[in-house]
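*Asks:* whatever this is, show me its structure:
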Amino acid sequence: MDRVSSSMKQVSNPLPKVLSRRAGGGGLEAERESFERAQTVSINKAINAQEVAVKEKHARTCILGTHHEKGAQTFWSVVNRLPLSGNAVLCWKFCHVFHKLLRDGHSNVLKDSVRYKNELSDMSRMWGHLSEGYGQLCSIYLKLLRTKMEFHTKNPRFPGNLQMSDRQLDEAGENDVNNFFQLTVEMFDYLECELNLFQTVFSSLDMSRSVSVTATGQCRLAPLIQVILDCSHLYDYTVKLLFKLHSCLPADTLQGHRDRFLEQFRKLKELFYRSSNLQYFKRLIQIPQLPENPPNFLRASALSEHISPVVVIPAEASSPDSEPITDLVEMDTASQSLFDNKFDDIFGSSFSSDPFNFNSQNGMNKDDKDRLIEQLYGEIAALKEELENFKAESARGAVQLRGRASELEAELAEQQHLKQQAQDESEFLRAELEELKKQREDTEKAQRSLTEIERRAQANEQRYSKLKEKYSELVQNHADLLRKNAEVTKQVTAARQAQGDVEREKKELEDSFQRVSEQAQRKSQEQAEVLDTLKRELAASRQELQVLQGTLESSTQAGAEQSTRIASLEQERDSLSWAAEQHGEEMAALRAELQQLRDTLSREQESSKMELETLQTQLRDKESREQALQWCLAEEQFALLQGTAREAERMVQDALGRLEDPAHIGCTGSADYLLSRTLAASECVEQLQDAHSKYLCNHAALGSLLPCLALFAHLVSDTLLQGSATSHVAPMEPADRLLEMCKQCGTEAVSYLSALQDPGTVEGADCSLVTTCLGRISAIGEELRPRGLDVKQEELGDLVDKEMAATAAAIETAAARIEEMLSKARAGDTGVKLEVNERILGSCTGLMQAIHVLVLASKDLQREIVESGRGAASPKEFYAKNSRWTEGLISASKAVGWGATVMVDAADLVVQGKGTFEELMVCSREIAASTAQLVAASKVKADKDSANLCKLQQASRSVNQATAGVVASTKAGKSQVEEKDSMDFSSMTLTQIKRQEMDSQVRVLELENQLQKERQKLGELRKKHYELAGVAEGWEEDAAD
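*Replies:* Numbering: from 1, shown residues only. Now for the predicted structure:
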């Protein structure tokens, strides 16, 4: 009643407005306005500033609204009015609701939202500047939504909820490996954004407290449900695409994909595990757990082990205030009927039909109602058509699923067949593994020794490299010193040239000074002569004073000029003397500097000489150490050669010792396997000779000689043991020659290995004698090969036909002889003897007829096997290809023909009274065993549903029955003859009877002793027969392979 009253309160006010607008603008506009108002209320209730989780019923109303209007125009018109950039909680809840719309809303939501992608990017960058609260969460969530929109825009085949079948996933890549490669990269980017949001939400919570039960914690955790749903599908598709890429591309090309997948696998596994432990998610969703180890993409069969993670949302997973999702039509009808019933109870039925008299108030006539009814009928018809289309699509999907189920069943049957083949191969491989383990034990010792040798060689190589580096450093230092010495020499040469220049200038100055002094002396002499002349003239003038008065003044003026000239010359002399003094001082300074340069040069020369001597000493020491190291390396290499040769010699001597070991006498071998071992040993000897010659040319080639020595010792030892084992089953003379040649070969091998251990004889060591001995062993082995194996494979087909024809002819001949013997017995015998002979010969005739029928059935089955198995090849090629089976048929047919002939001879002797009944029974059993061998050889390659095989089996049963008849008739005849020949003791005395009794006891003991010996002899004969048959059929060779 409270809910009804509240509904009445809510409905009482809007009804007049809606109906008044419907009367004014029409029913569709009112319905649109009502829808927009309801969507606005739901969106505002879902996206609010309260820090609580979005209520499921409001989000569901928004989703249904997108399907109703086939788009998201109303949603964006309401969201654009919200202050998303001003409130982080409001933006966070908007991201949650928008994520739900992209997943579960109408397909056009993506088209209507692409235009707002730039606004979302700007908002993401804006919220990214906040490091606390919901800022970083909103930034990362907006990046995720943008990535999701870009992914679905590039890949329109993927729906918003990412639910696709394997066929749809293949169609999305259009069967192009490049598209699959790019699609995988885009999925990695998408999944990385999902994981970033996952990790950011968990890092923003205080996991030490129960945050999942608080309203704020649920507000942050609620969007992770959509993230978990997306991650499960993205992980599944990524695994399938990587397996598909590995089937088309090399593994190295996809190394980056594998590394990125492993990183995301670890993160997603950890986040799924942490989420599954939160109480909030346990009530709303069942989170899958990823496998312990990531898939191995390098193994194609690992795809069958992959299990797609499935996220399960229980029916009760809705929040407490949410409502179950039901059909909108049924929900509206039920709520309307409930409202009408309550309304009738309160106001009466007449009031409920038109409670407020709207028909008279709004003038709504019947035509409007009819149009509204027709419109509703049209919508109902459209919904029915959509329902039919949905049913047809469901039927097609069911057919496709049934076809897929049939394909999977066929694949399952094929996998079971492959599993059976794998089991058979595993049994065969297990047997090979046992033999390989034995060989591995033999080679482990050689490998350990080789490993130790390689380790020592590596250590020596490291020491040698270090010494080489040190030597390079010394050479570099020596070169630097030589360059310094050259520079000093150049400086000394330059100083010497400068000194020479100074000396030359000094000489030039001295020469110029001497020339000036000589010139002054000449001038002084000239002046002296002029004075003398003047004096003479003065005297003459005095004498001739009267005459020379006129010239006196001019003479006086000339004297003044001469004195002036003399003064100038004296001044010039003083300047020259001063210049000479200055030059002398400069020369003294230059001499001092030259002396200093000489002292410096001498000191540098002495230091350079000392350094050069030191470097030469170090170089000589290094060369001596290098020679010592080379000598040590050579010694160690030869020690390695000695150790390997000593170990190889020990192996060969051990093989020679085992030739004389009594425990080895029981070992046997085939000539064919001996030939294969001899051939391998001969090839190894050739390789050893080449390696030995290379070692003699260059001792550094020891690495190729040591493995050859180990293999040589192994193969020679194996050849000696196989030769001894073959001699145990060979005739006396070839066995002695083979054993003697094996001993000689071992002795020559030991001599060669001993020569390798002595430094004086290592160059003269020759293994040609070993090769000669191996050739002789091979020749003896060729003599010991079974004759049956000498038949060419091309002749096997003709030989089968001949043997089968010979067997049939032998059986017909035996039957004719039995008829002849029967006619002779009837003509010559009477009484009990005739009866016994007729019964025995009649049963033998029946046996021959049964064997004849079996041989014919075997020929028919053999022809059918050849026709079905040869394909395009000829029968001879088929027999040659299946030589083992062919040889088995030949052996079985020979045994049947031989048994028939022997049984006829035994029957003839019994009829004549010369043979024994036991011989005839043994012959009949032997021929039955031979026919069983023929049947088994024919059944090996026959089809189990073959009609000829059924005939052959029926003929085999007839042969067994006929054999039993021969044995029974023989025993009956024997008993009749023994009754006829019964002894008469009536005339014997007590002493004679006692004497006969003692003789009988002695005879019984003798016969028992003979019986025991014959049984031992029979066992040895059978054992020898099996051995010879095995050699003829190649059993031991197959086991060795």
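*Asks:* neighbouring contacts of stretch 236-251?
*Replies:* Stretch 236-251 is contacted by residues 162, 164, 166, 169, 173, 177, 180-181, 183-184, 187-188, 191, 254, 257-258, 261, 264, 295, 297-298, 300, 302-303, 306, 308-309 when judged by Cβ atoms under 8 Å, 6 or more residues apart in numbering. Every C-beta, even on glycine, is put in place using the N, C-alpha and C of the backbone.
*Asks:* dihedrals phi and psi, the residue nearest the centre of the chain?
*Replies:* Nearest to the geometric centre of the chain sits residue 298, at 5.7 Å (Cα atoms, centre = their mean). Taking degrees, to the nearest 10, you get phi -80, psi -10 for the backbone angles of residue 298.
*Asks:* let me see the contact set for it.
*Replies:* Residues in contact with residue 298 (Cβ under 8 Å, 6+ apart) are 246, 251.
*Asks:* in the stretch 201-350 of the chain, where is pLDDT below threshold?
*Replies:* Applying pLDDT under 70 to the stretch 201-350 of the chain flags residues 207-211, 315-350.
*Asks:* repeat that for 80
*Replies:* For the stretch 201-350 of the chain, the stretches with pLDDT under 80 are 206-213, 313-350.
*Asks:* show me how far whichever strand or helix holds residue 600 is from its chain's centre.
*Replies:* Element membership for residue 600 (DSSP states H and E) is helix 545-659. Centroid separation for helix 545-659 versus its chain: 70 Å, with Cα atoms, centre = their mean, to the nearest Å.
*Asks:* now do the contacts for residue 860.
*Replies:* Contact partners of residue 860, counting by Cβ under 8 Å, 6+ apart, are 948, 951, 952.
*Asks:* residue 926 now?
*Replies:* Contacts of residue 926 (Cβ under 8 Å, 6+ apart): 899, 902, 903.
*Asks:* three-state assignment of it?
*Replies:* Secondary structure, DSSP: H, G, I helix; E, B strand; the rest coil: residue 926 is helix.
*Asks:* I'd like the distance between it and residue 966.
*Replies:* Counting by Cβ to Cβ, to the nearest Å, the gap from residue 926 to residue 966 is 11 Å.
*Asks:* now do the residue nearest to the centre of the chain against residue 252, distance only.
*Replies:* As judged by Cβ to Cβ, residue 298 and residue 252 stand 11 Å apart.
*Asks:* and for the residue lying closest to residue 310 once chain neighbours are set aside, the neighbour number?
*Replies:* Once flanking residues are discounted, residue 310 sits nearest to residue 288: 5.9 Å by Cβ to Cβ, 6 or more residues apart in numbering. When neighbours are defined as other Cβ atoms under 10 Å, residue 288 has 16 of them.
*Asks:* could you look up the SS state of residue 288?
*Replies:* Under three-state DSSP, residue 288 comes out as coil.
*Asks:* ok, residue 427 - contacts?
*Replies:* No contacts exist for residue 427 under Cβ under 8 Å, 6+ apart.
*Asks:* in what helix or strand does it lie?
*Replies:* Secondary structure from DSSP H and E places residue 427 in helix 366-543.
*Asks:* centre of the chain to that helix, how far?
*Replies:* On Cα atoms, centre = their mean, the centre of helix 366-543 falls 32 Å from the chain's centre.
*Asks:* ditto for stretch 32-52
*Replies:* Mean-position distance between stretch 32-52 and its chain equals 57 Å (Cα atoms, centre = their mean).
*Asks:* swap in stretch 165-172?
*Replies:* Chain-centre distance of stretch 165-172: 28 Å, with Cα atoms, centre = their mean.
*Asks:* C-alpha coordinates for that stretch, PDB please?
*Replies:* These are the backbone C-alpha positions of stretch 165-172, laid out as PDB (Å, rounded to 0.1, in the frame of the first residue of the first chain):
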ATOM      1  CA  SER A 165      33.100 -17.000 -31.800                       C
ATOM      2  CA  ASP A 166      36.300 -18.500 -33.300                       C
ATOM      3  CA  ARG A 167      34.900 -18.200 -36.800                       C
ATOM      4  CA  GLN A 168      34.000 -14.600 -36.300                       C
ATOM      5  CA  LEU A 169      37.500 -14.000 -35.000                       C
ATOM      6  CA  ASP A 170      39.000 -15.500 -38.100                       C
ATOM      7  CA  GLU A 171      36.700 -13.400 -40.300                       C
ATOM      8  CA  ALA A 172      37.900 -10.300 -38.400                       C
END
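*Asks:* pull out the buried residues from it.
*Replies:* Buried residues in stretch 165-172, counting neighbours by 16 or more other Cβ atoms under 10 Å, are found at 169, 172.
*Asks:* burial count for residue 474?
*Replies:* Residue 474: 15 surrounding residues under other Cβ under 10 Å.
*Asks:* that one and residue 623 touch, don't they?
*Replies:* No: with contact defined as Cβ atoms under 8 Å, residue 474 does not count as touching residue 623 (10.0 Å).
*Asks:* contact partners for the nearest residue to residue 100 once chain neighbours are set aside?
*Replies:* The spatially closest residue to residue 100, leaving aside those adjacent along the chain, is residue 59, at 5.2 Å (Cβ to Cβ, 6+ apart). Applying Cβ under 8 Å, 6+ apart to residue 59 gives the contacts 46, 96, 97, 100.
*Asks:* between the residues you listed, which sits nearest residue 138?
*Replies:* Nearest to residue 138 among these: residue 96, at 10.6 Å, using Cβ to Cβ.
*Asks:* from residue 960, how far out is the closest one?
*Replies:* 85 Å.
*Asks:* next: residue 626.
*Replies:* Using Cβ to Cβ, we find residue 626 at a distance of 88 Å from residue 960.
*Asks:* and for residue 759?
*Replies:* Distance from residue 759 to residue 960, by Cβ to Cβ: 76 Å.
*Asks:* neighbour count winner among those two?
*Replies:* Applying other Cβ under 10 Å to residue 759 and residue 960 shows that residue 960 carries more neighbours, namely 14 against 11.
*Asks:* pLDDT value on the closest residue in space to residue 694 that isn't next to it in sequence, please?
*Replies:* Nearest residue to residue 694 in three dimensions, chain neighbours excluded: residue 701, at 4.3 Å (Cβ to Cβ, 6+ apart). Listed pLDDT for residue 701 reads 76.
*Asks:* repeat that for residue 1040.
*Replies:* 41.
*Asks:* would you confirm that residue 140 contacts residue 194?
*Replies:* No: counting by Cβ under 8 Å, residue 140 does not reach residue 194; the two are 10.0 Å apart.
*Asks:* so for those two, which sits in the more crowded spot?
*Replies:* Using other Cβ under 10 Å as the criterion, residue 140 and residue 194 rank with residue 194 on top: 25 against 20.
*Asks:* after the helix or strand harbouring the more buried one comes which helix or strand?
*Replies:* Assigned by DSSP H and E, residue 194 belongs to helix 177-203. As assigned by DSSP H and E, the chain's next helix or strand after helix 177-203 is helix 215-221.
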